[in-house]
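Participant: this one's structure only:
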């Protein structure tokens, strides 16, 4: 079976960031499927202007189109990138061999444009994967305010859902959001982000990352991920201020984004010595960072729609067997409290949020037995519920069932 996989943000472990599409594609290939990945220009690859560039990555046929995207782009530039990719994916996708099915994964919602067109062009069904509820997310964040644009985007969202043969949602909240648009329960499968048990492990060696990044051997609390508006990582400044007297605690941030430079400048201006910035690191680097950490931060801005997220960093922390401190609430917060794997902080208490996060960090550092138990619970949950292999089996069932 041939799968045409549409993902504008396709990524590999060497580049860092989310690798869901890579991990599932590799498993499809191992099961005998042919995967044709159509994506933007890969990160750090040499630029080109026309056509497509073909690369073979772990037996995945990867076709890049000359469209760039950076996490620190303005909203207008991101929209331009989204629309340009949609056009290029249609133009170049027509030239590829006919697939048996199209699997399109958002965000952005505009990935639905080539999905709809190429599904019609090749006369094959498409499955649509929802990683964020668009356009609701940018609407709630204030990025889209024009009422007519909002009307058009919501109409387009419904059209994608209607035309898709099946829809995959990454969280219960996303599934419910899709269902509220009028989609039947039977048409939606909830397949969350997954834990890579082969990459992350509680006992992973981490001397290399200590030495490579000159990290002092203190009690490390880490954040690895995007540093953009939605992530609300700027709260880390207030948390660091509360912990200044704890010379045994170091907060380590790994990642990139529009707000990274601002946070670094604020930390320097305030003379905060308990914050260290690593920049973006590959997946094995994240595994090592989590391995040396007492706990991991999963942070988001206090916007209702973000509580439906299915963040990679959470599932990575579970696989690493590390407690999680989050302020996102929602289903992730519920999992943390239900299984005893960390602390869920209420981000509705604006003046107390950073204080509570700081207290949670101190609790992890000062209670090693309890912290060890939380980490054990986290790894156990990853193995039982979020093992990438188990969730791939669910996706394969969706794909193969749709073609039949």
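Facilitator: That came through fine. Nothing here was measured: the structure is a model prediction, and the numbers come from that model.

Participant: and residue 392, how close does it get to residue 282?
Facilitator: Counting by CB to CB, to the nearest Å, the gap from residue 392 to residue 282 is 22 Å. Quick note: C-beta positions are derived from backbone N, CA and C, even for glycine.

Participant: care to break this protein down by domain?
Facilitator: The chain is divided into the following domains under automatic domain parsing: 2-194+387-403, 207-385.

Participant: save those domains as TSV, and put in mean neighbour count too.
Facilitator: Putting the domains of the chain into TSV (neighbours: other CB atoms under 10 Å) gives the following:
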stretch	mean neighbour count
domain 2-194+387-403	18
domain 207-385	19
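
Participant: in a markdown table, list those along with distance to residue 200 and mean pLDDT.
Facilitator: Compiled in a markdown table, the domains of the chain are given as follows (distance: least, CB to CB, whole Å; pLDDT from 0 to 100):
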| stretch | distance to residue 200 | mean pLDDT |
| --- | --- | --- |
| domain 2-194+387-403 | 10 | 92 |
| domain 207-385 | 4 | 92 |
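
Participant: out of those, which is closest to residue 201?
Facilitator: domain 207-385 (6.9 Å; CB to CB).

Participant: can you tell me the SS state at the residue lying farthest from the centre of the chain?
Facilitator: Using CA atoms, centre = their mean, the residue of the chain lying farthest from its centre is residue 245. It sits 33.4 Å away. Put simply, residue 245 is coil when judged by DSSP: H, G, I helix; E, B strand; the rest coil.

Participant: got the contact list for it?
Facilitator: Residue 245 is in contact with no residue at all, counting by CB atoms under 8 Å, 6 or more residues apart in numbering.

Participant: from residue 270, how far out is it?
Facilitator: Taken as CB to CB, the span from residue 245 to residue 270 is 14 Å.

Participant: in the stretch 201-350 of the chain, which spans are helices?
Facilitator: Using DSSP state H, counting those that start in this stretch, the helices of the stretch 201-350 of the chain run over 207-212, 235-242, 260-269, 283-291, 312-319, 330-339.

Participant: can you lay out those as TSV showing distance to residue 187?
Facilitator: Below are the helices of the stretch 201-350 of the chain laid out as TSV (distance: least, CB to CB, whole Å):
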stretch	distance to residue 187
helix 207-212	44
helix 235-242	38
helix 260-269	39
helix 283-291	33
helix 312-319	25
helix 330-339	21
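
Participant: residue 180 is nearest to which of these?
Facilitator: Nearest of the helices of the stretch 201-350 of the chain (CB to CB): helix 330-339, 16.1 Å.

Participant: for the closest one, name the packing helices and strands.
Facilitator: Helices and strands touching helix 330-339, as assessed by 3 or more CB pairs under 8 Å, 6 or more residues apart in numbering; DSSP states H and E, comprise helix 172-179, strand 324-326, strand 342-344, helix 368-385.

Participant: sheet partners, orientation included, of the second one?
Facilitator: Taking DSSP bridges as the criterion, strand 324-326 forms sheet pairs with strand 293-298 (parallel), strand 342-344 (parallel).

Participant: what sits up against the longest one?
Facilitator: Which is strand 293-298. 219-224, 236, 252, 290, 311, 313-314, 316-317, 320, 322-328, 332, 342, 357, 360-361, 364-365, 371.

Participant: what about 7 Å?
Facilitator: Applying CB atoms under 7 Å, 6 or more residues apart in numbering, the contact partners of strand 293-298 are 219-223, 290, 311, 313-314, 317, 322-326, 328, 332, 342, 361, 364-365, 371.

Participant: how near is residue 63 to residue 111?
Facilitator: 15 Å.

Participant: now swap in residue 151 and tell me
Facilitator: 20 Å.

Participant: redo the domains of the chain as TSV? Include distance to residue 201.
Facilitator: Conversion of the domains of the chain to TSV gives the following (distance: least, CB to CB, whole Å):
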stretch	distance to residue 201
domain 2-194+387-403	13
domain 207-385	7
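
Participant: which residues are in contact with residue 190?
Facilitator: Contacts of residue 190 by CB under 7 Å, 6+ apart are 169, 172, 175.

Participant: for residue 105, find the nearest of the helices of the stretch 201-350 of the chain.
Facilitator: That would be helix 312-319 among the helices of the stretch 201-350 of the chain, by CB to CB, at 13.4 Å.

Participant: angle of that closest one against strand 293-298?
Facilitator: Angular relation of helix 312-319 and strand 293-298 on a 0 to 180 degree scale: 150 degrees, by axes from the mean of the first three to the mean of the last three CA atoms, to 10 degrees.

Participant: check the offset of helix 312-319 from the chain's centre.
Facilitator: 10 Å (CA atoms, centre = their mean, to the nearest Å).

Participant: cool, and stretch 261-278?
Facilitator: Distance, centroid of stretch 261-278 to centroid of chain: 25 Å (CA atoms, centre = their mean).

Participant: I'd say residue 292 and residue 219 touch.
Facilitator: No: using CB atoms under 7 Å, residue 292 is not in contact with residue 219, being 9.9 Å away.

Participant: alright, calling it a day.
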